[in-house]
Structures are given as C-alpha cells and as structure tokens.
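Colleague: structure for the following, please:
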Amino acid sequence: MPVRFASRLMLVLALVGVVPVLLLGGLSFRANRDELHHLVGGLQTQAATDLARSCQKLVLLGVDNLRLAAEYLPLERLGSQDASSVLSIPLRQLGMLNLLVLVDAQGRAIAPAVFSSEEGNGRQRVTEGSLALFSRQAPVQAALSTGAAIGPPYRTPEATEGRVALAVRAGEGATRLLLAELSLAELSSRVEELAREGGRAFIVDHQGLPVASTSKHPGLSEEERGLVAEGLSRGASVVRTVRGVDGVEYLAAFAPVPDLGWGAVVGRKASEAFAPAEHVRRSTVFWALMALAVTGVLGLVLSRGVSQPVARLSEGVAALAAGRYDQRVPEEGRDELGLLARSFNHMAGELQRREAELRRWSEELQQRVDERTRELREAQDQITRTRRLAALGSLSAGIAHELNNPLTGILGLLSLSCEEVPAQSNVGQSLRMALEQARRMANIIRELRQMAEQERAGAGRPLDPVQPLRAALHEVREDLQSRGVSLNCDISAGVPRVLGHADQLQKVVTNLLRNALTAMPAGGALSVGLAAVEGDAVCLSVKDTGKGIPESLRERIFDPFFTTKDEPGRVGLGLSVAHRIIEAHHGRIRLESAEGKGTTVTVILPAASGEAHLA
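Modeller: Predicted coordinates:
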C-alpha cells in the first residue's frame, strides 16, 4: 500500500522532533538505571553482608559460650541425678539456648534434657517434635573428633525461626559431650527489620533452604532459589533483580555466611530502587508525546496546502483507473495545482466520452459475434449429429436385417417348445424366460429398423399437432398416476398445422414423456406446452423436475444405445429415434438440463405453410 504524501511529511517531522527525545531519554534512562543498579545493589550487598556476619557471630558466640560452660563445670564426674541441676545454671545464664543435655560418646543422654518452659527474649519453646529434630541433627560424631561442632539448621513446622544444634566436648580428653540447641530467633527479628517497608530478607543453609525468613512470605520463589544457588556455588556476593513469591520484583543481593556455608539475601523493591530512572522514563514519554503533538499540528498545517490537493488528484486518478469517469477534482486556486486540476477534469471528460463510444461499439460487436457463434455452433452440431445418426442408422438397418431372420426362427422354436413343455417345470420356466428375452431383442431390432426407415417415410401430410400430443398423454396416463407425477398441460389456441406423420410425432412425444417419468421415480411435476412461435413454427416443450443430466453427458444424449436411466430394460434408443423423426420432419430438438433441478426438451417443427427447413 503506497504511503501518502501527508503521511511521509508527518513521518519526517516525527523523526526530527520525536526520535531525538526518545533517543536521549532512552540513553539517560539506561545510564540512570545502571548507576542505580550499581549504587543500590552495593547498599543491598552491604546489608546482606552485615546480616551474614550477624548470623556468623551469633552461631560462633553460642559455640564459645557452650565451650566455656563445659570447661568450668565438672561434667565428666556428674551423675544422672546431678546433671540436670548443674545444667540448669548455664541455661538460665545463656538466653540464646533453648535446651542443654549431657550425652556419652554413643550419644545417649546421661540425664534428661534441661530446658525452660518460658518463651521469649530470643528463646524458643521446646516440644516433643523439636526434641526429635534436635536429636537427629545433633553433631555428636563431629564433636568427638574435633572437640566442637555445629549441626545443620532446621525449623519446626509451627515456627518460622530456625534452630541449630551445637556440640562440645565436656573437657580435654573427656568422653562426654555437652549438646545445646541454639535459637535463631534473634536473626528472624533482624530479618523482619530488614524486610520492613516492602523489603525482602532471609537466611538459607548450605542447601538453599530458608533458615530465617519473614512471617509474611516464608517461602522462596524460583528466581530467588536461582539467586541463592548461584551465590552458594560461587561462594561470593551476587546482585540481580528477582521476582519474589508475592509477584513483586526486587533488587536482591546474596552474601555468603563465613565459616558456615550459609547465605544471606537482602532485597529492595525494584520500583523503589529504580524510582529516579522511572521518573526519567516518564519524563521522556511525556516530552515525546508533547513533541508528537507539536509535530501533528505542524503536519496538519503543512498538509492542508500541499497534501490535500495532491490527495484529491490521486483519488481522481484512482477513480479513472477504476472506470468512474464522473468524478471531478475541485479546481481551487490559480497556482500550478489548480491548473493541474482543471487539466485533469478536461482529460476525465474526454476519456468518459470515448469510453462510452468504445463500450457501445464493443457491445454491438460482441452481440453479433455471440449470435453468429451460436448459429454456427448449432449448425455444426446439427450436421455432426445428422451424419453420426445417418451412419448409425445404416449400420442399424444392416444389423437388424441380418438378425431378424434367425431371431424369427428362434421365436418360433421357443413358442413351440413352450406349448409342448409344462409351464410348471424348470425347463418350461427357462423356455419362457428365453422367449421373453428373444421378444425383447425383436423390439430392439424393430426400433433399429425404424431409425433407418425415417428417411424413406416421405413428407407426410398436414396434421394438427395437438392430436399426437393428446394421444401420447393418453398413452402414459397410467404411469403418471402410478408414479405420483402431477401434469400441467398448456396448449395454446391457434396452433398451426404441421407437415408429417401423426404416428411418428406421437412416438416422439411418448418417448419424451417416458424419459421425463423415468427421471422422476419418486414423483414430481411434469409440464407439457404446445404453442406457435414467430417464423411460422410450432414449439413443443416437455419439462420435468427430475435429477437432471450432468454436463459431461449432454453431448452424447442423442447417441443410440446411450442412456442415463437406472431402470432395467432401457436400451437408449428413445431420444435417438425422436431425433431422427424430428430431422425427417425438417425440425430441430434442443435439450436444456441442470443437474439436480430437472430437464427441458424443446421440439420446434415448421408449420405446414413453411417451405424452408429450420436451421
């Protein structure tokens, strides 16, 4: 589709006025965003590093306090009854510990675990479920080999704060271990503080599972897990934007927790982190829209003087190309565009006048050509059909003559045999079936002879065409009733007489009626008309509402032995005989058919007073 001049003008103005604004705004937005990503990302990295150090400090402080308690308490000499009383002293002093328990080298408790029923101040409630988790996570073997060990963090189903199991040897060379459960509630408080005002913060273990997170969003999204996995594999800080479980995009930083293999993540909403850059982008869009508006106004002002006259001329040219010569271009002004519009209107008027003359001559010529072509085609078809039927008639006469004598003998012998053999016997039934088929062959031979005898029948005598028509209708009246076909007969008054043979014309009408009935096995409507036409001729029409004849078969419809009927016993001589009879009467026969809509056969015969044959 061609671009209009006004559109090109608007496009150029837009490129000059809008593109620089968008380009500068885009570059400014990208530079501001990159700078904010570096600046805010650094702040988030520092916050994540501080959170990781706090986590390290809390866990290592718990290990140091547990080691001091094991050194100044005589844990190796305590019995099962004194162990609980002695361990309750450091438990009260160390508020970060949830419980203490003394175990032997096999991890069996010397005395029941000591814990406080009070909850708060960083201490978590101890339940049977938490005791079971503690016993599974306690690093007993690691503490026996190294003297002190830190277990993997874990969380109970009913709490978001994590816990971690600690273990130290009861003394130098001691066989007992002092186990403690360290509460990470203090870290959860720090995480909640960092996550205020729409932020995001959490701590994960070496497997990427959350140890301490906010109570509002305790889980991690796929992008957050990817950030943690990258940071843990690299063992270094990572900064990038991720989408949290709440669907909000954050600028998050990962920092590893030294000595523990854990990680800390602190994030800030991307909308807040990149707010200055978003302001630049909104300003860019605003000024781009303003530039676009100014461009539109300038374009409209310029297009009114140039593009509109050019557009009207273009529309006029398109109208001429489409053949609409009545469209004119407004003749405004005395400049070059006005002169061009006047010249164009003059040219359109001349083209309209000459087009009308050419169209009139073309229509007259086409009408003459079509008429002559139709006459030549009909004459050629008539000649070709007549020659073919004449040759087939001669051949049929010879075949009928040669077959008639032996067939007569066969009929006689079969008739005598049928009289001598009982009809109830199998042989008698077979003889009668053979006699019936022989009589059928005799009828076919008789029709073949009739085809050859049409040319020797003579000119005939003047007769009323209504009589053979009524005789043919009377002959098929029972078939009309049995097939449920309605008849509409229209015979005009004053039909002229024709020259011919009444019995032959009756045979023509009978064959046409029977063909129409055969085409309507389930019933229908049959219309028969007889009227005079211009040029001293009589027109007979037979129209049915049957299934019609396919276009590919219409050329062969008058050939002998060709039939489109499905009924048994049809040999395809009806239309051939009718055509020979009409030819002998110097008439013509036409067939019009639409598949699925019916067939109309028209017979035109010259009146008795006419001397010339119909073409």
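Colleague: burial of Val369, as a residue count?
Modeller: Neighbourhood size, Val369 [other C-beta atoms under 10 Å]: 10. Using the backbone N, CA and C atoms, a C-beta is placed for each residue, glycine as well.
Colleague: look at it and report its pLDDT.
Modeller: If you check Val369, the pLDDT there is 86.
Colleague: mind checking the SS state of it?
Modeller: Of the three states, Val369 takes helix under DSSP: H, G, I helix; E, B strand; the rest coil.
Colleague: with the one 5 residues further on instead?
Modeller: Assigned state for Arg374: helix (three-state reduction, three-state DSSP).
Colleague: how far away is it from Ile557?
Modeller: Taking C-beta to C-beta, to the nearest Å as the measure, Arg374 falls 19 Å from Ile557.
Colleague: now Gln504
Modeller: Note on Gln504: its distance to Ile557, by C-beta to C-beta, is 20 Å.
Colleague: got any ranges where the stretch 401-550 of the chain has weak pLDDT?
Modeller: Scanning the stretch 401-550 of the chain with the threshold set as pLDDT under 70 gives 401-405, 407, 411, 447-460, 535.
Colleague: 90 instead, please
Modeller: 401-487, 491-526, 530-537, 545-550 (pLDDT under 90).
Colleague: how about the strands in it?
Modeller: Per DSSP state E, counting those that start in this stretch, the stretch 401-550 of the chain carries strands over the ranges 461-463, 485-491, 498-500, 524-533, 537-544.
Colleague: quick check: domain ranges of this protein?
Modeller: 28-273, 457-606 (automatic domain parsing).
Colleague: can you get me a residue count around Arg353?
Modeller: Neighbours of Arg353 (other C-beta under 10 Å): 11.
Colleague: same thing with Val12?
Modeller: Based on other C-beta under 10 Å, the number of other residues close to Val12 is 12.
Colleague: show me what secondary structure element comes after the helix or strand bottoming out on mean pLDDT in the chain.
Modeller: Within the chain, confidence by mean pLDDT, DSSP states H and E is lowest for helix 5-17 among all helices and strands, at a mean of 66. Next along the chain after helix 5-17, taking DSSP states H and E as the criterion, comes helix 19-72.
Colleague: tell me which of the domains of the chain lies nearest to Ala348.
Modeller: Of all the domains of the chain, it is domain 457-606 that lies closest to Ala348, at 44.2 Å by C-beta to C-beta.
Colleague: from the chain's centroid, how far away is the closest one?
Modeller: Remark: domain 457-606 is offset 53 Å from the chain centroid, using C-alpha atoms, centre = their mean, to the nearest Å.
Colleague: which non-adjacent residue is nearest Tyr250?
Modeller: Gly267 (3.6 Å; C-beta to C-beta, 6 or more residues apart in numbering).
Colleague: go on, Gln44?
Modeller: Gln44 sits nearest to Ala253 (C-beta to C-beta, 6+ apart), 3.8 Å away.
Colleague: how much space separates the spatially most distant residue from the centre of the chain from Arg108?
Modeller: No residue in the chain sits farther from the centre than Arg77, which is 84.6 Å out by C-alpha atoms, centre = their mean. Arg77 sits 17 Å away from Arg108, going by C-beta to C-beta.
Colleague: do Leu100 as well
Modeller: The value you get for Leu100 to Arg108, if C-beta to C-beta is used, is 16 Å.
Colleague: also Leu87?
Modeller: Leu87 sits 16 Å away from Arg108, going by C-beta to C-beta.
Colleague: please apply the same query to Phe286.
Modeller: Counting by C-beta to C-beta - Phe286 and Arg108 are separated by 75 Å.
Colleague: same drill for those two, tell me which one is more crowded.
Modeller: Using other C-beta under 10 Å, the more surrounded residue of Phe286 and Arg108 is Phe286, with 12 against 8.
Colleague: ok, and for the helix or strand where the more buried one lies, which residues are buried?
Modeller: Here Phe286 is covered by helix 275-305, with elements defined by DSSP H and E. Within helix 275-305, the residues that qualify as buried are 277-278, 280-281, 284, 288, 291-292, 295, 299, 303, counting by 16 or more other C-beta atoms under 10 Å.
Colleague: and which of those is nearest to Gly529?
Modeller: Distances from Gly529 to those, taken by C-beta to C-beta, are shortest for Ser303, at 68.7 Å.
Colleague: thinking again about what came up before, so the residue farthest from the centre of the chain sits in a helix?
Modeller: No: read with three-state DSSP, Arg77 is coil and lies in no helix.
Colleague: please renumber the chain so that the first residue is 113 from this point on.
Modeller: All set: I'll call the first residue 113, so the last point we hit is now Arg189.
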